[in-house]
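Engineer: model the following, please.
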Amino acid sequence: MQVERVCIVGLGLIGGSLALALRLAQRTAVPTFPLHLTIVDTNPETRTAAERLADVVTDDFVAGVEGAQLVILATPVRTILHYLALLPAVRPSGCMLLDLGSSKADICRAMDDLPPAFCAIGGHPMAGKEVAGFGAATPDLFQGQTFILCQTQRTTPEIEAAALDLISQVRAQPLFLPPTVHDEMVAAVSHLPYLVAATLMQAAANMADERLWPVSSSGFRDTSRVSGTNPRMMLDILLTNRTAVLTQIAAFQEQLTAVTHLLQTADEPGLAHWLNETQQAYQTYRRFKP
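Structural biologist: I've put the predicted structure just below:
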């Protein structure tokens, strides 16, 4: 089934990059496919900027999703949950649904509870920047990146095929994961790194010495980069994936305690072994993410 009528709800960095990538794919695909694109966003400046991309731009969720074959929810997680609760009344005849939220368990449970008229799958493109908003969106954001899909009780071959086609159009790589496994993994490689970077930034700033920033070099810049991520977005992510994030914080604290002990006891062989293990783990990681 060719999906020709798409509605993207939320035109921030992720939703905006998706809209740009879909329009680029439409221009370069052979043969080209027709795409009627509706954008729903509450920010008037974003709506003005989106007029060049979309056939319809509105701040009205109800009007925006009307008639769409595929509705893509690209807002923060708690807003996605709000819209999922509205959809049965707004679209009683159902539609295909894909979300792009950063945590998946709560969203997929909400999708499970949708009426049978809906077919839905959870999604999370593993791409982003430390800056937010449509102004930071680019059509190549997803290119070569992993795009996670989480099946739900409302996942059908139709929505799965539509999601895979969309992932192909934006040149990402699909990976199917159960929702809870997704949340555990992103807590380790995305949400915890943000907290570590934020804690590092707080510790450095608390030195309250204006000479510190000129002294800092690329190591501090690279390690602290994600601490510049939009706080409102991270608040939503951390609270909706709280259990998995707390588990990863505990694991991180264990590692920090272990290396603290090695330093306190001046255990040179032990510290050297710990550092070598860390380097080897990093080299393994870089084989997957060069």
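Engineer: not counting sequence-adjacent ones, nearest residue to the spatially most central residue of the chain?
Structural biologist: In the chain, the centroid-proximal residue (CA atoms, centre = their mean) is residue 102; its distance is 4.2 Å. Nearest non-adjacent residue to residue 102, counting by CB to CB, 6 or more residues apart in numbering: residue 237, 4.7 Å away. Backbone N, C-alpha and C define where each C-beta goes, glycine included.
Engineer: against residue 75, how distant is that neighbour?
Structural biologist: As for residue 237, its distance to residue 75 is 12 Å (criterion: CB to CB, to the nearest Å).
Engineer: give me the domain ranges for the chain.
Structural biologist: The record's domain split for the chain, according to automatic domain parsing, is 5-177, 182-288.
Engineer: looking at those, which is buried most?
Structural biologist: Between those, domain 5-177 has the highest mean count of neighbours, a mean of 19, where neighbours are mean count of other CB atoms under 10 Å.
Engineer: list the contacts for residue 139?
Structural biologist: Going by CB atoms under 8 Å, 6 or more residues apart in numbering, residue 139 touches 17, 20, 21, 23, 24.
Engineer: closest one of the residues you listed to residue 244?
Structural biologist: Set against residue 244, the nearest of these by CB to CB is residue 17 (25.3 Å).
Engineer: shouldn't the closest one be in contact with residue 143?
Structural biologist: No - contact criterion CB atoms under 8 Å: residue 17 and residue 143 do not qualify, at 10.0 Å.
Engineer: overlap in contacts, these two.
Structural biologist: Any residue near both residue 17 and residue 143 by CB under 8 Å, 6+ apart counts here, and not one turns up.
Engineer: quick one on the thing from earlier: okay but the residue nearest to residue 102 is in contact with residue 195, surely?
Structural biologist: No - between residue 237 and residue 195 there is no contact under CB under 8 Å: 10.5 Å.
Engineer: quick one: stretch 107-120 to chain centroid distance?
Structural biologist: How far stretch 107-120 lies from its chain's middle: 20 Å, per CA atoms, centre = their mean, to the nearest Å.
Engineer: got the contact list for residue 233?
Structural biologist: 76, 132.
Engineer: does it belong to a helix, a strand or coil?
Structural biologist: Assigned with DSSP: H, G, I helix; E, B strand; the rest coil, residue 233 falls in the helix class.
Engineer: repeat for residue 272
Structural biologist: Following three-state DSSP, the label given to residue 272 is helix.
Engineer: that one and residue 285: what is the separation?
Structural biologist: Taking CB to CB, one finds residue 272 at 20 Å from residue 285.
Engineer: look at residue 290 and report its pLDDT.
Structural biologist: The confidence metric pLDDT takes the value 84 at residue 290.
Engineer: and it, how many neighbours?
Structural biologist: For residue 290, the number of neighbouring residues by other CB atoms under 10 Å comes to 5.
Engineer: alright, I will stop here.
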